[in-house]
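Enquirer: Fold the following.
(2 chains)
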Amino acid sequence: MRYMPLLLAAVVVASPLAAETIAQRAVACFACHGEHGQSETENTPSLGAQQAPYVLIQLFMFRERLRVFEPMNEMAKAFTDDDLHAFSDFIAQLPKPVPPADAGEEARLQRAEALVQQNHCNSCHNPDFSGRDNVPRLAGQREDYLARTMREYKDNSRHGYDGTMAEVLQPVTAEQIADLAYFLARLR
Amino acid sequence: MISWSVPRSLLLAGALIAAFTFDAAAQQPASPPAAAAPALPPGSPLIGRPNSEAAAKLAPVAGPPIATAADKLPTAKLKLPPGFNIEVYAAGMANARSLAQGDKGTVFVGSRLVDKVYAIVNKDGQRSVKVLASGLYRPNGVAFHDGTLYIAELSKISKIDKVEDLIDNPPKPTVIYDNLPKDEAHGWKFIAIGPDNKLYVPVGQPGNNVLHDDAHGQIRRMNLDGSGVEVVAYGVRNSVGFDWNPETKQLYFTDNGRDWMSEDVPQDELNRVTKVGEDFGAPYCYQGNISDPEFGWGHSCADYTPPVGLMGPHTASLGMRFYTGSMFPKSYKNAIIVARHGSWNRSNKAGGDVVVVKLNKDGTVKSVEPFITGFLENNNYLGRPVDVMQLKDGSLLLSDDWNGAVYRITYGKPKLASQ
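Expert: Alright, predicted model coming up:
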């Protein structure tokens, strides 16, 4: 059975797009975003259990180049609206990402929890950070990706769909961003 | 929603496809620990949020990025007074916002969450939608005057001359004015050209409830080349719609009240400018008679111009135009038609409809009556009205950013929509 994956990959490449299921097409996503959408690639987000409306917006923004990241812009370039919906719904059904095994350093977690209260992050992202609608799940997301994303929102190098994250991150320091990412990545 | 199951073997096949790898972003040097926790940033919509479970459920929700197909639009669920009809005028324009009409029948449509200005082209009995400009940043505002289209992005105003002759191959817009703040909060703009042939540009407060500087909280006007800038109205929190009374030529504008004061106050305002430089109170006084609990100390509502009309709490009263046509019944003549986008900062949503504001002879408000309802179903939006605009035949267009569509409202025996 060890050659099975190769054969399957060949089938995927050979079959016309329309005949493929969404699961077959999503195989390409997992190359970077990890098996079951649990990313093991630096600065690349885990996809599992992400909110479908949020994923839809991101895929749309990649297609329209409102969010610029060349590999994703390339991937989404030819997507139809139906494709965007199908991938979003599929991704939302994947299992939620598994946080790192270590419980985390108590002092950092406490600092981050205070920041969460102060900045009301848990208002839109939900108390358990599972997200809702347009607002993404953050719990168990990769720490490096979370920190990088917050930095990009803060300096407006990544434009949000609306301007909320650019505004709310203005007073949050680089060190606080690091603590928040550390905390969110370890939420179970 | 469709759910999918994933065959395990297919997931494994993914490992064969080459992985992209990316350099980690350079780590920023750690800054010294902050001595005191800073307050929420000025633009945060969460400023003033009480710590209750019900309040924690409320947050602004941006509409979907993909326009609803024409045959899925909620027109059948919309209710209008007897004799009025509503039909789909054009669909497929993601996040359709402000409206403007060209001399040759083109309708221009701005957007806020995408980067496009659309043109609905009417030619030889055919109607089609084109993307007129893209790559813009929050191009909410559009205005048309003497052949030229003016476009308002978040922090600049630009124009395309002779736009209707260039629809098929439009040039990039030319910037005429960019001395504007870059704040995201209330940074998107409605624009219009007044009877004085000047361009009116609002600059909202940069957040829910903040003491703003001299560059914010106002409506400016300028010559059509961006020169001669002057502030027309102060104390403006966030106006996303205005028009001029056809009889008195006075400027009327909607203004959105602050959030988190309570479920039921303050109400959005309908204001009238009777002299240049009037102050309408934000952030010290709202709806003419509520002193702001935080900033109102030391100020009196008596020092500010009160609104001529109250438009409901958190209803997000946006686009408004005087109806001057002759298609609608006489009682609509010179009334104001207002699109209310609908609330987010309220447990039971309010607004999400179109109302008609009838005026007394002296220009004060006589009544605010429902005109189009049905966009709100079980406390969820089926659509969200943004702007209204009268066509030359006296019918009315209405934009809906939730569905990316423009509807047309007529009165009398329904005519078949042109094919």
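
Enquirer: Contact partners for the closest residue to chain A within chain B?
Expert: Scanning chain B for the residue nearest chain A gives B:E184, at 2.4 Å (criterion: Cβ to the nearest Cβ). To be clear about C-beta, it is placed using only N, CA and C from the backbone, and glycine gets the same treatment. Contacts for B:E184 were tallied using Cβ atoms under 8 Å, 6 or more residues apart in numbering or on different chains; they are A:162-164, A:166-167, B:43, B:154.

Enquirer: any low-confidence regions in the stretch 51-200 of chain B?
Expert: Within the stretch 51-200 of chain B, not a single segment meets pLDDT under 70.

Enquirer: Spell out the residue ranges of the strands in it.
Expert: B:84-90, B:96-101, B:107-111, B:117-123, B:126-133, B:141-145, B:148-152, B:157-160, B:174-177, B:192-193, B:199-203 (DSSP state E, counting those that start in this stretch).

Enquirer: quick one, which of those strands is nearest to A:A114?
Expert: Proximity to A:A114, assessed across the strands of the stretch 51-200 of chain B by Cβ to Cβ, is greatest for strand B:199-203 (34.7 Å).

Enquirer: which helices and strands sit right next to the helix or strand that the closest one is followed by?
Expert: Scanning the chain past strand B:199-203 towards its C-terminal end, the next helix or strand to appear is strand B:218-222 (assignment: DSSP states H and E). Judged by 3 or more Cβ pairs under 8 Å, 6 or more residues apart in numbering or on different chains; DSSP states H and E, the packing partners of strand B:218-222 are strand B:199-203, strand B:230-234.

Enquirer: quick one: buried residues of the last one?
Expert: Neighbour-count burial for strand B:230-234, with 16 or more other Cβ atoms under 10 Å in any protein chain shown as criterion, is recorded at B:231-234.

Enquirer: where does chain A dip in pLDDT?
Expert: A:1-18.

Enquirer: Taking the centroid of it, which residue is nearest it?
Expert: When chain A is reduced to its mean C-alpha position, the nearest residue by Cα atoms, centre = their mean turns out to be A:P45, at 4.3 Å.

Enquirer: Do I have it right that that one meets A:S39?
Expert: Yes. Taking contact to mean Cβ atoms under 8 Å, the distance of 5.9 Å between A:P45 and A:S39 places them in contact.

Enquirer: count of neighbours near the residue of chain A found nearest chain B?
Expert: Proximity of chain A to chain B (Cβ to the nearest Cβ) peaks at A:G163, 2.4 Å away. For A:G163, the tally of surrounding residues (other Cβ atoms under 10 Å in any protein chain shown) stands at 25.

Enquirer: measure it to B:H216 for me?
Expert: A:G163 sits 15 Å away from B:H216, going by Cβ to Cβ, to the nearest Å.

Enquirer: Quick check: what element follows the helix or strand harbouring A:A114 along the chain?
Expert: Under the assignment given by DSSP H and E, the secondary-structure element containing A:A114 is helix A:106-119. Sequence-wise, the next helix or strand downstream of helix A:106-119 (DSSP H and E) is helix A:121-124.

Enquirer: Chain neighbours aside, what residue packs nearest to residue 144?
Expert: By default, I'm working from chain A. Ranked by Cβ to Cβ, 6 or more residues apart in numbering or on different chains and with sequence neighbours excluded, the top spatial neighbour of A:D144 is A:N43, at 5.3 Å.

Enquirer: right idea, wrong chain: chain B
Expert: With Cβ to Cβ, 6+ apart as the criterion, B:F144 has its nearest non-adjacent residue at 4.4 Å, and that residue is B:A100.
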